[in-house]
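Novice: no sequence on hand, only this structure:
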Ligand SMILES: Nc1ncnc2c1ncn2[C@@H]1O[C@H](COP(=O)(O)OP(=O)(O)OP(=O)(O)O)[C@@H](O)[C@H]1O
Ligand SMILES: [Mg+2]
């Protein structure tokens, strides 16, 4: 598909622009994802990406920051995460030092009054801005930052409720200082592996997209872009093998990250074409649970390698045939108009 050249700093005229820009920064998005990213940028709405592990959710935020030349501010969620890790905290060590210095001065020759020292202690000087506050209070003369709230399903409900509050009006209140309000809202990407459902209220604030595993051709392309040292034939065979493994109903089917790792592992061993021995020796790069590995072995490693080689070959022949046919049509077109 023809793609227009991407804007340098994150302006996009439509989904195709977004797709081109993401591609230029090493991320191959399908039409659905490119559309929702475009809308999130155009409407300034947070983007909630759900999908299985390793399908490329987190990478969307990273690549958006690279494309826009803006800062990536990341909140890695976990059970028990609270305001001090995500929004702000006071630098106690420096506050204490400041207090000691003020006390020493006071002992010597009547230093600053206690009230003044207290005010100073809770000034911006001692405020540590964590990613959420940094995103809200970002300098206006720079591209607005990309705020990544990663794996929100790991945080608890209270944190989610707090997040909803922040994302509703893009403001954060620090009781001692007042309210910070974003002049330009940050670009917000929230990811979830769906270990539990994200609250409806938060979903309502966001544009939503379920990130699927890429189809075969796109996965081949991703391997080619991310691991250029892997020869094309091997890239196709690995993508075909992974596609097949994903149909086995594993506890943790391999994601794109595993496909890339696996192809790189094989290439590092000097493998140029998949066979039973090379699959058996490197399966751990793609399948990370003992039970899952057993499942793949039960289904037959030799059969897997054979099927992958065949699928990669047939698909390649198909693509080449389609290419020849397309070229034929184009030539015919030229002849007619000429
Ligand atoms: N569409 C894509 N184009 C290019 N690279 C991709 C794509 N999808 C995934 N990748 C690659 O796969 C790796 C894993 O992606 P990422 O970490 O974003 O997955 P994830 O969905 O966030 O996984 P997890 O749920 O485990 O955090 C990335 O480092 C990136 O190299
Ligand atoms: Mg991730």
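Specialist: Yep, it's here. Every value quoted in this text rests on a predicted model; they were computed, and no experiment measured them. Numbering: from 1, shown residues only. Ligands and ions are numbered 1, 2, ... in the order given.
Novice: could you give the average pLDDT over the host helix or strand of residue 117?
Specialist: Taking DSSP states H and E as the criterion, the element that holds residue 117 is helix 114-121. For helix 114-121, mean pLDDT rounds to 79.
Novice: and if you look at stretch 75-90?
Specialist: Computed over stretch 75-90, the mean pLDDT rounds to 92.
Novice: and stretch 126-138, by the same measure?
Specialist: Taken as a whole, stretch 126-138 carries a mean pLDDT of 94.
Novice: related to what we said a few turns ago, which elements pack onto the helix holding residue 117?
Specialist: Helix 114-121 makes packing contacts with helix 92-109 when contacts are defined by 3 or more C-beta pairs under 8 Å, 6 or more residues apart in numbering; DSSP states H and E. C-betas here are computed from N, CA, C, even on glycine.
Novice: run the chain-centre distance for the helix it packs on.
Specialist: Between the mean C-alpha point of helix 92-109 and the mean C-alpha point of its chain there is a distance of 45 Å (C-alpha atoms, centre = their mean, to the nearest Å).
Novice: angle of it against helix 114-121?
Specialist: Between the direction of helix 92-109 and that of helix 114-121, the angle (axes from the mean of the first three to the mean of the last three C-alpha atoms, to 10 degrees) works out to 150 degrees.
Novice: return the set of buried residues in helix 92-109.
Specialist: Residues of helix 92-109 classed as buried by neighbour count (16 or more other C-beta atoms under 10 Å): 95, 98, 102.
Novice: quick check: pLDDT value at the last one.
Specialist: In this case it means residue 102. At residue 102, the predicted lDDT confidence score is 81.
Novice: skipping adjacent residues, who's closest to it in space?
Specialist: residue 117 (4.5 Å; C-beta to C-beta, 6 or more residues apart in numbering).
Novice: hmm, the strand or helix carrying residue 23 touching ligand 1?
Specialist: Here residue 23 sits within helix 15-24, counting by DSSP H and E. No: for helix 15-24, no contact with ligand 1 is found by C-beta under 6 Å from any ligand atom; the gap never falls below 7.8 Å.
Novice: report the central residue of the protein.
Specialist: Within the chain, one residue has its C-alpha closest to the average C-alpha position: by C-alpha atoms, centre = their mean, that is residue 58, at 1.6 Å.
Novice: strands along the chain, start to end?
Specialist: With DSSP state E applied, the chain shows strands at 47-51, 72-76, 88-90, 127-129, 146-150, 171-174, 178-181, 187-192, 207-211, listed in chain order.
Novice: residues of the protein that sit close to ligand 1?
Specialist: Of all the residues in the chain, those in contact range of ligand 1 (C-beta under 6 Å from any ligand atom) are 26-29, 51, 53-59, 191, 193, 214, 222, 226, 255-257, 260.
Novice: mind telling me which residue of the stretch 51-200 of the chain is nearest ligand 1?
Specialist: Of all residues in the stretch 51-200 of the chain, the one sitting closest to ligand 1 is residue 56 (2.5 Å; C-beta to the nearest ligand atom).
Novice: next one: the helix holding residue 117 to chain centre, how far?
Specialist: Going by C-alpha atoms, centre = their mean, the spacing between the C-alpha centre of helix 114-121 and its chain's C-alpha centre is 43 Å.
Novice: list the buried residues for that helix?
Specialist: Of all the residues in helix 114-121, those buried under the rule 16+ other C-beta under 10 Å are 117, 121.
Novice: sorry, back to before: which of the strands of the chain sits closest to residue 35?
Specialist: When the strands of the chain are ranked by proximity to residue 35, the top entry is strand 207-211, at 8.6 Å, counting by C-beta to C-beta.
Novice: wait, residue 159 touches residue 79, no?
Specialist: No: the pair residue 159 and residue 79 does not pass the contact test of C-beta atoms under 8 Å, sitting 9.3 Å apart.
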